[in-house]
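S.K.: The following block contains a protein sequence and its predicted model.
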Amino acid sequence: GGDYYDVFSMKENELVLLVGDASGHGMKACMSIMTMHTLIRMIRENLYNNTADFVTQVNRRLCEHNIIQDEGGFITLLYCALNTDSHMLEWTSAGHQVPLLQNLKTNEVVPLANDDEGGLPLGISLNLPYDVRRNHIPANHRLLLYSDGLSEAFPEGGDQHDEFGTDGIIGALKAAAELPLEQALDTLFIASHEFTGGSGRHDDTSVVLLERQA
């Protein structure tokens, strides 16, 4: 499909989390994602100063790749590096939905930034600047990364602007606050499926849900 997510360790105390989403559907989107996946695997062992430097390098290589340029597509990417000792999350968005942070004690769910504060998607221009953001992940909190297939779910035959949206995601997270992590993840998909009246989501959907326990 046109989505890509991964979780892997770079160092003993660093966990990398990422979600990507290619524009379009079908083979075009699939080939774009396969290209980015390969590039990330090729360069992920290299040393970069921060997440923005890594995303910048991925963008440059994608802009030079024939498959991306010939098809005229682009890819959004959320790339995060979590220090498991300090619990500091460093992240960079290339036009992707920002992470959501849930306080399991108060059941408050907030985005880590405004949606318009991320950079432009990958594959548009060779020398785009990308920003580094840092947020501490406290104990008893959950972190959600997701692609727009979840937020943009809408009922079959209904108004496409009547979407599950961030409000639907936040509501599902709150409803699942006392559930184990795996069941909370299932709740997100069940809630969006019910919102569509059982017609399902109309785009590839990827979700990464992480919990820091007490």
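M.R.: Ah, there it is. Numbers count the residues shown, from 1 in each chain.
S.K.: C-alpha from now on. contacts and neighbour counts both.
M.R.: Will do.
S.K.: Can you mark which positions in the helix or strand hosting Asp167 are buried?
M.R.: Secondary structure assignment for Asp167, by DSSP states H and E: helix 165-175. Along helix 165-175, these residues count as buried under the neighbour rule (16 or more other CA atoms under 10 Å): Gly165, Thr166, Gly168, Ile169, Ile170, Ala172, Leu173, Lys174.
S.K.: cool, stretch 139-154 as well?
M.R.: Buried residues in stretch 139-154, counted by 16+ other CA under 10 Å: 141-154.
S.K.: And for stretch 35-55?
M.R.: Under the neighbour-count criterion of 16+ other CA under 10 Å, stretch 35-55 has Thr35, Met36, His37, Leu39, Ile40, Asn50, Thr51, Ala52, Asp53, Phe54, Val55 buried.
S.K.: Please apply the same query to stretch 93-112.
M.R.: Neighbour-count burial for stretch 93-112 [16+ other CA under 10 Å]: 93-104, 107, 109, 111.
S.K.: List the ones among these that fall in strands.
M.R.: Applying DSSP state E to those, the entries found in strands are Ser93, Ala94, Leu100, Leu101, Gln102, Asn103, Val109, Pro111.
S.K.: Out of the residues you listed, give me the two with the largest separation.
M.R.: Using CA to CA, these span at most 25.7 Å, a distance reached by Ala94 and Asn103.
S.K.: Let me know the closest of the buried residues of stretch 139-154 to Leu77.
M.R.: For the buried residues of stretch 139-154, the nearest to Leu77 is Ser147 (9.2 Å; CA to CA).
S.K.: contacting residues around the closest one?
M.R.: Residues in contact with Ser147 (CA atoms under 8 Å, 6 or more residues apart in numbering) are Asp3, Val19, Gly20, Asp21, His96, Gln97, Asp204, Thr205, Ser206, Val207.
S.K.: try 10 Å this time
M.R.: Contacts for Ser147 (CA atoms under 10 Å, 6 or more residues apart in numbering) come out as 3-5, 19-21, 76-78, 96-98, 203-208.
S.K.: for Leu100, same thing?
M.R.: Contacts of Leu100 by CA under 10 Å, 6+ apart are 109-113, 142-146, 166, 169-170, 173, 209.
S.K.: mind listing what the nearest residue to it once chain neighbours are set aside touches?
M.R.: Counting by CA to CA, 6 or more residues apart in numbering, Leu100 lies nearest to Pro111, which is 4.4 Å off, once chain neighbours are set aside. Contacts for Pro111 were tallied using CA under 10 Å, 6+ apart; they are Gln97, Val98, Pro99, Leu100, Leu101, Gln102, Leu143, Leu144, Thr166, Ile170.
S.K.: Closest one to Thr84 out of these, please.
M.R.: Thr84 has its nearest neighbour among those in Leu143, at 13.5 Å by CA to CA.
S.K.: Double-check that the closest one belongs to a strand.
M.R.: Yes. Applying DSSP: H, G, I helix; E, B strand; the rest coil, one finds Leu143 inside a strand.
S.K.: Wait, it touches Leu101, no?
M.R.: Yes. Leu143 is within contact range of Leu101, at 4.8 Å (criterion: CA atoms under 10 Å).
S.K.: The very next helix or strand once past the helix holding Asp167: which residues count as buried?
M.R.: Sequence order places helix 181-195 as the next helix or strand after helix 165-175, per DSSP H and E. In terms of neighbour count (16+ other CA under 10 Å), helix 181-195 has its buried residues at Ala184, Leu185, Thr187, Leu188, Phe189, Ala191, Ser192, His193, Phe195.
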